[in-house]
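Peer 1: no sequence on this one, just coordinates:
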């Protein structure tokens, strides 16, 4: 039974989902992507192929189908446009939509804003998400936010909540926090960061305020960013030059970062929202990501 995974940018959730299937011994896993850490992904996938366009992807899938039984196409988002295109083509295989960090939940169904400086048009992303929720053959969600989605979007097909889990192979031995000479606490955050160019309602600018706040209290604040976000590194490096208690580190692979962060006092699971809308309340109630699992793997209190 062959599962074909498709996502423009590879991530650790894809790895864990594919590895869980592969570990059963019942599935053959294939991955199409544009950006990938091959050394990491190799143990989860039997085949890895470049993703150039939807047209070339479909041609390749048809060729694969002549050699083996394709059980499903597992398409991750954001962005959701690839999944939408595949659904619209009415292919003969079930399409499973795995929505990671739903913008429809974060911003609401009626969002209308400036998408300048972003990787993709946010309003269009929300429209594409809605289409996929309504038309995919099955939905996988990382959190219970799918229950909120069901109140604003008609989802006629099966849904599955599949959280980002802690991987047994990646647990590290518990460590005592390593103290610096000032004997002050060290807090660490891993994951997505953005620069000041992102609209304030996205909340990411609060990282800068937070760093200043902790610096004033002489509390060390460490950030290990996602590897694909190099465009905003300079803003955080400039901040680290100004604040002695703020530390901005180079990103580490998802299977190596646990050992590094185990030496700190606390892992931070942060969500920045100014407005207490229904949408943001739902996001706060339900959203946990892979960082939560990584903190568990590192033995950190959160």
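Peer 2: It's in. Note that this is a predicted model, so its numbers are computed, not measured.

Peer 1: where along this protein do the strands fall?
Peer 2: Using DSSP state E, the strands found in the chain span residues 2-6, 28-33, 47-50, 70-77, 95-99, 138-141, 159-161, 186-191, 220-225, 246-248, 266-267.

Peer 1: looking at those strands, which is closest to residue 295?
Peer 2: The closest of these to residue 295 is strand 266-267. By C-beta to C-beta, the value is 3.5 Å. (Each C-beta comes from the backbone N, C-alpha and C, glycine too.)

Peer 1: who does that closest one pair up with?
Peer 2: strand 186-191 (parallel) (DSSP bridges).

Peer 1: pull out the buried positions in the strand it pairs with.
Peer 2: Buried residues in strand 186-191, defined by neighbour count with 16 or more other C-beta atoms under 10 Å: 186, 187, 188, 189, 190, 191.

Peer 1: that strand vs strand 220-225, what angle?
Peer 2: Relative orientation of strand 186-191 and strand 220-225, computed by axes from the mean of the first three to the mean of the last three C-alpha atoms, to 10 degrees: 20 degrees.

Peer 1: that older thread, which of the strands of the chain is buried the deepest?
Peer 2: Most buried of the strands of the chain by mean neighbour count (mean count of other C-beta atoms under 10 Å) is strand 95-99; its value is a mean of 25.

Peer 1: just checking the distance from it to the centre of its chain.
Peer 2: 14 Å (C-alpha atoms, centre = their mean, to the nearest Å).

Peer 1: cool, stretch 147-161 as well?
Peer 2: Worked out by C-alpha atoms, centre = their mean, stretch 147-161 lies 20 Å from the chain centre.

Peer 1: buried residues, that stretch. List them.
Peer 2: For stretch 147-161, by 16+ other C-beta under 10 Å, it's 148, 149, 152, 153, 155, 159.

Peer 1: and for stretch 215-235?
Peer 2: 215, 219, 220, 221, 222, 223, 224, 225, 226, 232, 235.

Peer 1: same check on stretch 131-138?
Peer 2: Neighbour counts over stretch 131-138 (16+ other C-beta under 10 Å) mark 131, 132, 133, 135, 136, 138 as buried.

Peer 1: how close does the residue lying farthest from the centre of the chain get to residue 220?
Peer 2: Within the chain, residue 181 marks the point farthest from the mean C-alpha position, 35.5 Å out by C-alpha atoms, centre = their mean. Remark: distance between residue 181 and residue 220 (C-beta to C-beta, to the nearest Å) = 12 Å.

Peer 1: for residue 144, same thing?
Peer 2: Counting by C-beta to C-beta - residue 144 and residue 220 are separated by 33 Å.

Peer 1: before we move on, back to that, can you add pLDDT and distance to residue 167 and give the buried residues of stretch 215-235 back as JSON lines?
Peer 2: Compiled in JSON lines, the buried residues of stretch 215-235 are given as follows (pLDDT from 0 to 100; distance: C-beta to C-beta, whole Å):
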{"residue": "215", "pLDDT": "97", "distance to residue 167": "34"}
{"residue": "219", "pLDDT": "97", "distance to residue 167": "30"}
{"residue": "220", "pLDDT": "96", "distance to residue 167": "27"}
{"residue": "221", "pLDDT": "97", "distance to residue 167": "26"}
{"residue": "222", "pLDDT": "97", "distance to residue 167": "22"}
{"residue": "223", "pLDDT": "95", "distance to residue 167": "22"}
{"residue": "224", "pLDDT": "95", "distance to residue 167": "18"}
{"residue": "225", "pLDDT": "90", "distance to residue 167": "21"}
{"residue": "226", "pLDDT": "83", "distance to residue 167": "18"}
{"residue": "232", "pLDDT": "75", "distance to residue 167": "28"}
{"residue": "235", "pLDDT": "87", "distance to residue 167": "32"}
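
Peer 1: looking at the residues you listed, which is nearest residue 263?
Peer 2: residue 222 (9.9 Å).

Peer 1: residue 152 is in contact with residue 107, isn't it?
Peer 2: No: using C-beta atoms under 8 Å, residue 152 makes no contact with residue 107, being 12.0 Å away.

Peer 1: coming back round to it: nearest to residue 122, of the strands of the chain?
Peer 2: strand 70-77 (12.8 Å).

Peer 1: cheers, nothing more for now.
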